[in-house]
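Trainee: Make a model of this:
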Amino acid sequence: MKLPRGVGDAAELRKSLKPLLEKRRRARINESLSQLKGLVLPLLGAETSRYSKLEKADILEMTVRFLQEQPASVCSTEAPGSLDSYLEGYRACLARLARVLPACSVLEPAVRARLLEHLRQRTVSGGPPSLTPASAPATAPSPPVPPPSSPGLWRPW
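Mentor: Next up, the predicted model:
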């Protein structure tokens, strides 16, 4: 295809490029819908092979329905569940740390056990653990784990 080169041919150039740009745009939309279908169908528990030929509108409707069924993920700091959400994230982070630390040879087993116990105590009490002279100096208690200050769901990962 020969592209026009003159200054007056700008409108002609746009005319000739418009079908190509539209084709690319449609291809991007179709690819995104295909990915969306691949993500949503397993989450809905639907068998992917049964839904091999879904219309675009069906994919979008299924996605909207799935998202509407999800619990609200935006929490403000005044919401009563925001501390629960924070503690849930903290516990998930602690569980991941408990799985990863044994494979890491950076800490001695006794130190690793003390660290994990210290962090576990914080989840039980919601604040700093009760410090004993054997576990830490009495002059510098650790500050409590504050809930996130910005609104929104906090994820430790």
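Trainee: longest helix of this protein?
Mentor: helix 10-44 (DSSP state H).
Trainee: So for that one, what gets flagged as buried?
Mentor: Neighbour counts over helix 10-44 (16 or more other C-beta atoms under 10 Å) mark 33, 37, 40-41 as buried. C-beta here means a position set from N, CA and C on the backbone, and glycine is covered the same way.
Trainee: now do stretch 106-116
Mentor: 112, 116.
Trainee: ok, residues contacting it?
Mentor: 94, 97-98, 101-102, 135 (C-beta atoms under 8 Å, 6 or more residues apart in numbering).
Trainee: want to throw those into TSV with distance to residue 86?
Mentor: Formatted as TSV, the contacts of stretch 106-116 follow (distance: C-beta to C-beta, whole Å):
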residue	distance to residue 86
94	12
97	16
98	19
101	22
102	26
135	25
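Trainee: Just the C-alphas of the lowest-mean-pLDDT helix or strand in the chain, formatted as PDB.
Mentor: Scoring the helices and strands of the chain by mean pLDDT, DSSP states H and E places helix 82-100 at the bottom, with a mean of 83. Output of helix 82-100 as PDB, limited to C-alpha atoms (Å, rounded to 0.1, in the frame of the first residue of the first chain):
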ATOM      1  CA  SER A  82     -11.300  -2.100  58.900                       C
ATOM      2  CA  LEU A  83      -9.400  -3.400  61.900                       C
ATOM      3  CA  ASP A  84     -10.600  -6.900  61.100                       C
ATOM      4  CA  SER A  85      -9.500  -6.600  57.600                       C
ATOM      5  CA  TYR A  86      -6.100  -5.300  58.700                       C
ATOM      6  CA  LEU A  87      -5.700  -8.200  61.200                       C
ATOM      7  CA  GLU A  88      -6.700 -10.600  58.500                       C
ATOM      8  CA  GLY A  89      -4.000  -9.300  56.200                       C
ATOM      9  CA  TYR A  90      -1.500  -9.300  59.100                       C
ATOM     10  CA  ARG A  91      -2.300 -13.000  59.800                       C
ATOM     11  CA  ALA A  92      -2.000 -13.900  56.200                       C
ATOM     12  CA  CYS A  93       1.400 -12.200  56.100                       C
ATOM     13  CA  LEU A  94       2.500 -14.000  59.300                       C
ATOM     14  CA  ALA A  95       1.400 -17.400  57.800                       C
ATOM     15  CA  ARG A  96       3.400 -16.700  54.700                       C
ATOM     16  CA  LEU A  97       6.400 -15.700  56.800                       C
ATOM     17  CA  ALA A  98       6.100 -18.900  58.900                       C
ATOM     18  CA  ARG A  99       6.200 -21.000  55.700                       C
ATOM     19  CA  VAL A 100       9.200 -19.100  54.200                       C
END
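Trainee: Done for today, thanks.
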